[in-house]
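J.: here are the coordinates; sequence isn't available:
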């Protein structure tokens with residue numbers, strides 16, 4: 001088993017099966033927004049298909065020998081899935097769309113089972129599932145709610161079709177970008193990235209990278225402000241965001257490469273410059289400065305001698321030691337609204 005950390009939502013999701021409230025089916029099972037964990041290992045998984053677009057979670061599932069796809073829509077068996085498990089996200093439109101997809105992919109009479117932490121919208125999620133179908137049951141455990149319903153002729157098909165469209169990519173910011181619910185800062189430019197973009201120097205040149213590129217805002221700013229950039233690699237762990245970046249940068253004149261990749265595992269390229277607004281939490285809300293520090297370590301390893309890192313971060317995050325270890329020169333360029341912009345230059349070879 002690859003996941004050593006606690007996953008209360010996953011534990012709660014499988015609780016009705018462990019208690020005998022729901023039998024584990026003999027037919028095909030689909031797991032949307034799947035995560036690996038000990039609770040899953042108590043059931044036969046030979047016919048399990050996992051859909052996961054977040055690379056660290058997808059990689060963990062693959063390491064455990066499970067079949068993983070980014071999008072399971074084209075893989076549904078003719079009769080649908082006997083069981084669809086769902087770990088819905090916090091963002092409500094994305095979660096509603098996921099519920100609608102679960103019922104669309106389930107077999108007639110098939111069960112849809114979902115679990116959410118109480119502090120991430122469990123009550124609202126249970127209410128939303130109940131709007132789509134008659135609730136068969138629910139339980140509270142591990143500070144989470146697990147709730148389930150069967151696909152039947154009495155389900156609200158019109159509402160399901162309406163909710164399927166909630167997650168569709170759409171124009172934002174006057175049509176400058178295309179985005180979709182659930183992607184980081186999906187309907188705006190977040191303040192930290194805007195601050196970094198405002199201070200990017202025009203002399204960035206050559207082959208660069210954007211680590212944690214999201215839907216492509218920082219990359220678009222680099223290309224607009226820095227005419228000397230000839231190539232840019234975008235690294236992003238969330239496949240849904242990377243697809244948007246491809247669309248948003250389709251008219252770029254520089255050579256672009258898009259990598260669905262967990263940056264914390266390292267990158268193979270060698271770059272003249274790197275820009276990034278690294279994540280400082282994983283799937284939960286707690287601060288995870290270790291992720292940002294790892295991004296800095298990866299950037300230092302991937303930059304050529306005298307290569308430049310342009311970074312924005314929350315002012316309170318302790319990144320100075322990682323910057324000092326990996327770079328010859330470090331300076332704070334700007335600070336505003338609790339954020340800091342830093343330029344770090346890799347030392348030349350001795």
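T.: Cool, got the structure. Note that the structure is predicted; figures quoted are calculated from it, not measured. Numbers count the residues shown, from 1 in each chain.

J.: Which stretches in the stretch 101-250 of the chain count as helices?
T.: If DSSP state H, counting those that start in this stretch is used as the criterion, the helices of the stretch 101-250 of the chain fall at 122-132, 157-164, 191-198, 217-225, 239-248.

J.: So for the fourth one, mean pLDDT?
T.: Across helix 217-225, the average pLDDT comes to 98.

J.: Does anything pack onto it? Which helices or strands?
T.: In terms of contacts (3 or more Cβ pairs under 8 Å, 6 or more residues apart in numbering; DSSP states H and E), helix 217-225 is packed against helix 191-198, strand 206-211, strand 229-236, strand 271-276. All C-beta atoms are positioned from the backbone trio N, CA, C, and that covers glycine.

J.: list the buried ones in stretch 27-35?
T.: Neighbour counts over stretch 27-35 (16 or more other Cβ atoms under 10 Å) mark 28, 29, 30, 31, 32, 33, 34, 35 as buried.

J.: Could you do stretch 234-246 as well?
T.: 234, 235, 236, 237, 238, 239, 240, 241, 242, 243, 244, 245.

J.: ok, those residues vs residue 98, which is closest?
T.: For these, the minimum distance to residue 98 (Cβ to Cβ) is 11.5 Å, reached by residue 240.

J.: thought that closest one was touching residue 53?
T.: Yes - Residue 240 is within contact range of residue 53, at 5.4 Å (criterion: Cβ atoms under 8 Å).

J.: how close does the nearest residue to residue 116 once chain neighbours are set aside get to residue 114?
T.: Once flanking residues are discounted, residue 116 sits nearest to residue 122: 4.0 Å by Cβ to Cβ, 6 or more residues apart in numbering. Residue 122 sits 9 Å away from residue 114, going by Cβ to Cβ, to the nearest Å.

J.: Between the two, which is the more surrounded one?
T.: residue 114 (29 against 23; other Cβ atoms under 10 Å).

J.: so who does that one touch?
T.: Residue 114 sits next to 13, 85, 86, 87, 88, 99, 102, 125, 129, 146, 147, 148 when contact means Cβ atoms under 8 Å, 6 or more residues apart in numbering.

J.: now with 10 Å?
T.: By Cβ atoms under 10 Å, 6 or more residues apart in numbering, the contact set of residue 114 is 9, 12-13, 32-33, 84-88, 95, 98-99, 102, 122, 125-126, 128-129, 138, 145-149.

J.: wait, residue 258 sits on residue 213?
T.: Yes - between residue 258 and residue 213 there is a contact under Cβ atoms under 10 Å: 8.2 Å.

J.: These two: which is more packed in?
T.: residue 213 (30 against 18).

J.: thought the more buried one was touching residue 279?
T.: No - contact between residue 213 and residue 279 fails when scored by Cβ under 10 Å: they sit 11.7 Å apart.

J.: if I look at those two, which residues touch both of them?
T.: With Cβ under 10 Å, 6+ apart, residue 213 and residue 279 have common neighbours 237, 238, 263.

J.: Show me which of those is closest to residue 312.
T.: Nearest to residue 312 out of these is residue 263 (Cβ to Cβ; 15.5 Å).

J.: Next one: that closest one relative to residue 216, how far apart?
T.: 16 Å.

J.: ok, now residue 198?
T.: Distance of residue 198 to residue 216, computed by Cβ to Cβ: 17 Å.

J.: got it, and residue 296?
T.: For residue 296 relative to residue 216 (Cβ to Cβ), the value is 22 Å.

J.: One more: residue 289?
T.: Residue 289 is 25 Å from residue 216, by Cβ to Cβ.

J.: For these two, indicate the residue with more neighbours.
T.: Legend: neighbour count by other Cβ under 10 Å for residue 289 and residue 216, higher for residue 216 (27 against 17).

J.: how close does the more buried one sit to residue 93?
T.: 21 Å.

J.: Sketch out the low-pLDDT regions of the protein for me.
T.: 1-5, 281-287, 350 (pLDDT under 70).

J.: Which parts of the stretch 251-350 of the chain are strands?
T.: For the stretch 251-350 of the chain, applying DSSP state E, counting those that start in this stretch gives strands covering 255-260, 271-276, 303-314, 329-336, 339-345.

J.: Could you tell me the angle between the second one and strand 303-314?
T.: Angle between the axes of strand 271-276 and strand 303-314 is 10 degrees (criterion: axes from the mean of the first three to the mean of the last three Cα atoms, to 10 degrees).

J.: Make sure residue 320 is actually in contact with residue 311.
T.: No - look at residue 320 against residue 311 with Cβ under 10 Å: they stay out of range, at 11.6 Å.

J.: could I get the buried residues of stretch 234-246 as CSV with distance to residue 315?
T.: Listed next are those as CSV, based on distance: Cβ to Cβ, whole Å:
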residue, distance to residue 315
234, 26
235, 25
236, 25
237, 24
238, 25
239, 31
240, 29
241, 25
242, 29
243, 32
244, 28
245, 27
